[in-house]
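Engineer: Sequence plus the predicted model coming up.
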Amino acid sequence: MNLKPTIGIETHIELNTNTKMFCRCKVVDTDEPNISLCPTCIGLPGALPVPNGKAIEYITLLSLATGCTITRKGMFHRKNYFYPDLPKNYQISQFDLPVGESGELEIILDGKKESVEIERVHMEEDTGKSTHSGTGRIDSATSTALDFNRSGVPLVEIVTKPVIQSAKEAVAYIEELRQLSIDLNISEGKLEKGNLRFDANISVAPSDSNELGTKVEIKNMNSLKSLERAIDFEISRQTKAFLDGEEIIQETRHWDEAKELTSSMRSKEGSADYRYFSDPDLPNMILSEMFIEDVKNNLPKLPSEKRNDLMNTGLDLQQANILGKSDSWIIELYFKVFDSTKEHSTTYNWITGELQGQMRKLDINFPPEWFSAELLSEIIGLIKENKISFTSGKTILSEVLQKNISVDEIASNHDLYQENNEEKIVELVKNVINDSEDVVQRIKEGEDKLVGFLVGQVIKNSGGSVNPGIAKELLTKELDL
Amino acid sequence: MELKNLSIRQLNNLFVDKKAKPSELYSDIFDASASSESLLHAHLSLFEEKNLENAKNSDKRFEKGESTGLLDGIPIAIKDNINIKGELTTCSSKMLSNYRSPYNATVIEKLNNENALYTGKTNLDEFAMGSSTENSAFGLTKNPWNTDYVPGGSSGGSAASVSARSSIGALGSDTGGSIRQPAAFCGLVGFKPTYGTVSRYGLIAFASSLDQIGPITKNVDDARIIYNAISGHDALDATSIDNNQTNIPFDKSAKIGVIKELMEDGISDESRNEVSKVLENLKKQGYQIKEVSLPLIKLSISIYYLIAPAECSANLARFDGVRYGLRVEGKTSYEMMQNTRAEGFGDEVKRRILLGTYALSAGYYDEYYGKALRARKKMIDEFSNIFNDVDYLISPTTPTAAFKAGEKTSNPLEMYMSDLCTIPANLAGLPAISIPTGLSKEKLPLGVQIMSKPLTDLSLLNFSEIIEKEVDFNTSPEGLEK
């Protein structure tokens, strides 16, 4: 029997606002614990929450960017559960009236555009951080250290519909979402810092079935690698269970990074009843038409739009997707160089290959300030006009990344300009033919490969300034082949 | 003439005219508490020493003619669920018996700006849950009119303190009548302002959508002075509103409604008679009075006892032994939290947390909490409609005068019923005041409640002052003389 997996993903993105969601404590990036706290974010008695307008703007931005319908009258809800790092023992979140609903995100999977349906986009406050001594689990820890710097940091949660079909698609979705959050400038988008964290709901069912199988939720994933492996692991675990006729239990499972397997955390029966209710400390959040319009006007170019622009220069989807996920200066450089060279593929290769490769070698994140699109265009232009060789182009690029010096100066200093005067080359060719009687003889007897040897001789005699293509052409003519 | 018996305005005149000093009033007040506290237990903590310096500073300001207003040098008692920086704020709970707030409530900041003084923190029903101040982890408070009786609650300590003259005025909090009911039981004025006009920042929440801080005083003018000082928009409280008052008539062109449902079953003859007395009086002055019906008022206790516990079940979740307050150790974090809450909370608090948790649970939400929210909305509509017809609504404040200590502790439902008349104003966010009008046959005070539409607090106070003048109630309790 053929089985198909169905996956839904909930992603928490940490917003890069200056202050926390419901108090004006600074959002800090430090290992020093408990330095950015106030009565509100550590839940002191009597303290009250006041929403951060910037965070609401960011969440609206993400909702609009994913084509969601904006809830004009949103609500904050309390999600009740006890945990030591949740100071109020409830989390302010959103329930039936999220900021955004029913959107979609275009992703690139196997070189094709796909769309992932978004169910909702809503706001949440982050919890503090627990460090359990010993086993790392709260139930068996001998002590737990708490850091509330993160408590109250604004999060946006994006929930997909159960429409994702593979671990690869899930990864492509997260890559796209991460890029979107960076382009919208609402998050640092750093996975290694936990700026994005994801839970996946996974089920398997027979391919021909219209119904979804029993859903299992996997928590604790914060890298693309763990997301991909956890999903793959879970799909095979469920597939095996299904084929063996075992019951798949609706439960929450934990991804163990070290053991590379998922293990049961709690079953549905033991699952928390969050007792959501509207937070009486927070009035309804009214998003006016004007506010929504303002946010809309602030929307930057979205990743999908950037891809389209890049494809309009002639790049294919794969190239556009890779380049589109690069830093904005790289994309700008591409468009400028393309504008002057009109060579999409060459420009793409030079930027994503040569330029970034050289920069990695030089261990720099940005090219020096004297480096410009004009410099790169000039190099590409010289190669195209056969004035320098490809190899010389690379040499020049390497030098201009290290020294403020013109392309012409480098080419002249290193004698990189190619000889394109035909008469001179014919003379060189004739000399080589005269000096290589036996080779010429063998060529005439059918050893075509040796033409390359003669071309090499011509170039050598010219001191490297002859264009190999022209040398070969003229050789062939002179030898009457 | 003893200073402690005077009104705030009278005291201020004496201070300004240099006929008396705040420090004299201050020692007068602490003399009173020295004799009454052992009998009444109104205060949980007294600030005598700490505030002496402040009293002397008030003296100096008045000497130099630089006083900062009517509350300069006036000793005010603060209910112990309102945070004062550095002071214990216990909510009369074992849970917070060692808790000192690191910050001031907004109302305290405002009173500090006025240079008001504090007598100390007053007793209350644990976390403001109760109607008799018997649910205090630190012992009950007694009624100054007769110490066999309760002072009402939950702001019973505040009311007993003002009544016993161990403070000039007091701050209480009112979630379902916790200012008005003890004021009525102790023969005082108790005012619950329009929801949102006084910041709740720093008030330890019981039920956030209902809680409101307000004054308990000997007269309406004192209540007005304190209200003016503590009200106003606060950026730290998202439910706080601009106090843009609407003026409605309070002279005899004002239309008065008497609430039919609060003059029927469940209300004692004595309580009804007080209302009739006041109505007669108003009629004589030429006011138009009519009976109005608010059928949903009958549901207010049912609505209240779903909404308030639901909110409190979340509000009190933070008391877990992790960061502050009581901690009872356990083998794991969860066990510690469970042990702490089992030992830290009293029975009534636990009862309400359980009720609220149940009302919000999956499968029960719609039937209980959801339904209560819908009924509350309807009740608010009912009030808005009535206020198209009348300016003020009159009713008894309480179904009976104060009851004896211990009389209702074993019957929570009966205790809940004592808030029948006061709960509707909280559900609808209305300003409501209780003014003392007479005594029961046991010589215990009775009060009349007046409500008006939101943001007409000042008109309500003006109108109440007219009634106050006519009834001319003597607020000095006789109980303490015994």
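Structural biologist: Right, received. Where do you want to start? Quick caveat: nothing in here was measured; it's all calculated off a predicted structure.

Engineer: A:Ser10 should be in a strand, yeah?
Structural biologist: Ser isn't right for residue A:10; it's Glu. Yes. Counting by DSSP: H, G, I helix; E, B strand; the rest coil, A:Glu10 is found in a strand.

Engineer: State the pLDDT value of it.
Structural biologist: Note on A:Glu10: pLDDT of 96.

Engineer: Then B:Leu480?
Structural biologist: The predicted local confidence for B:Leu480 comes out at a pLDDT of 61.

Engineer: Please determine how far A:Asn18 is located from chain B.
Structural biologist: Distance check for A:Asn18 against chain B: by C-beta to the nearest C-beta, to the nearest Å, it reads 17 Å. C-beta coordinates here come from the backbone N, C-alpha and C atoms, glycine included.

Engineer: who touches that residue in this structure?
Structural biologist: Residues in contact with A:Asn18 (C-beta atoms under 8 Å, 6 or more residues apart in numbering or on different chains) are A:26-27, A:54.

Engineer: filter these down to the ones close to chain B.
Structural biologist: Restricting the contacts of A:Asn18 to those adjacent to chain B (criterion: C-beta under 8 Å from any C-beta of the partner chain) removes every one of them.

Engineer: Chain B: which of those residues is nearest?
Structural biologist: For the contacts of A:Asn18, the minimum distance to chain B (C-beta to the nearest C-beta) is 15.6 Å, reached by A:Lys54.

Engineer: So which elements touch the worst-scoring helix or strand of chain B on mean pLDDT?
Structural biologist: Per-element confidence for chain B was summarised using mean pLDDT, DSSP states H and E. The lowest value among helices and strands belongs to helix B:412-417, with a mean of 84. Applying 3 or more C-beta pairs under 8 Å, 6 or more residues apart in numbering or on different chains; DSSP states H and E, we find helix B:412-417 packed against helix B:300-315.

Engineer: rerun that using 10 Å as the cut-off
Structural biologist: Based on contacts counted as 3 or more C-beta pairs under 10 Å, 6 or more residues apart in numbering or on different chains; DSSP states H and E, the elements that helix B:412-417 packs against are helix B:300-315, helix B:347-360.

Engineer: Return it as CSV; C-alpha atoms alone will do.
Structural biologist: The C-alpha trace of helix B:412-417 is given here as CSV (Å, rounded to 0.1, in the frame of the first residue of the first chain):
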residue,chain,number,x,y,z
PRO,B,412,-20.5,30.7,50.9
LEU,B,413,-23.7,31.2,48.8
GLU,B,414,-25.3,33.2,51.5
MET,B,415,-22.2,35.3,51.8
TYR,B,416,-22.2,35.8,48.0
MET,B,417,-25.8,37.1,48.2
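
Engineer: now B:Leu70, what's its secondary structure?
Structural biologist: Bear in mind the rule, three-state DSSP; under it B:Leu70 is coil.

Engineer: re the thing from before, alpha carbons of the helix or strand just after the least confident helix or strand of chain B, as PDB, please.
Structural biologist: On the C-terminal side of helix B:412-417, the nearest following helix or strand under DSSP states H and E is helix B:423-428. Once non-C-alpha atoms are left out, helix B:423-428 reads as follows in PDB (Å, rounded to 0.1, in the frame of the first residue of the first chain):
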ATOM      1  CA  ILE B 423     -22.200  43.600  41.700                       C
ATOM      2  CA  PRO B 424     -24.100  45.100  38.700                       C
ATOM      3  CA  ALA B 425     -22.100  48.300  38.700                       C
ATOM      4  CA  ASN B 426     -18.900  46.300  38.400                       C
ATOM      5  CA  LEU B 427     -20.300  44.200  35.600                       C
ATOM      6  CA  ALA B 428     -21.300  47.300  33.700                       C
END
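
Engineer: Quick one: check helix B:423-428 for contact with chain A.
Structural biologist: No. Contact of helix B:423-428 with chain A (C-beta under 10 Å from any C-beta of the partner chain) is absent, the minimum separation being 12.1 Å.

Engineer: will you turn the helices and strands packed on helix B:412-417 into TSV that also has mean neighbour count and distance to B:Glu48?
Structural biologist: As requested, these are exported to TSV (neighbours: other C-beta atoms under 10 Å in any protein chain shown; distance: least, C-beta to C-beta, whole Å):
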stretch	mean neighbour count	distance to B:Glu48
helix B:300-315	24	32
helix B:347-360	20	30
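
Engineer: will you turn those into CSV that also has distance to chain A and mean pLDDT?
Structural biologist: Supplementary listing: those in CSV, determined by distance: least, C-beta to the nearest C-beta, whole Å; pLDDT from 0 to 100:
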stretch, distance to chain A, mean pLDDT
helix B:300-315, 5, 97
helix B:347-360, 4, 96
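
Engineer: CSV for those, including distance to A:Ser203?
Structural biologist: As requested, the helices and strands packed on helix B:412-417 are exported to CSV (distance: least, C-beta to C-beta, whole Å):
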stretch, distance to A:Ser203
helix B:300-315, 32
helix B:347-360, 29
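
Engineer: okay, the spatially most central residue of chain A: pLDDT?
Structural biologist: Within chain A, one residue has its C-alpha closest to the average C-alpha position: by C-alpha atoms, centre = their mean, that is A:Glu175, at 4.3 Å. Residue-level confidence at A:Glu175 comes out at 93, pLDDT.

Engineer: residues contacting it?
Structural biologist: If a contact means C-beta atoms under 10 Å, 6 or more residues apart in numbering or on different chains, then A:Glu175 has A:107-108, A:191, A:224, A:303, A:321, A:325 as its contacts.

Engineer: 6 Å instead, please
Structural biologist: With contacts defined as C-beta atoms under 6 Å, 6 or more residues apart in numbering or on different chains, A:Glu175 has no neighbours.

Engineer: so what's the closest residue to chain B within the stretch 51-200 of chain A scoring on pLDDT?
Structural biologist: Taking C-beta to the nearest C-beta, chain B has its nearest neighbour within the stretch 51-200 of chain A at A:Asn89, 3.5 Å off. pLDDT, the model's per-residue confidence, is 97 for A:Asn89.
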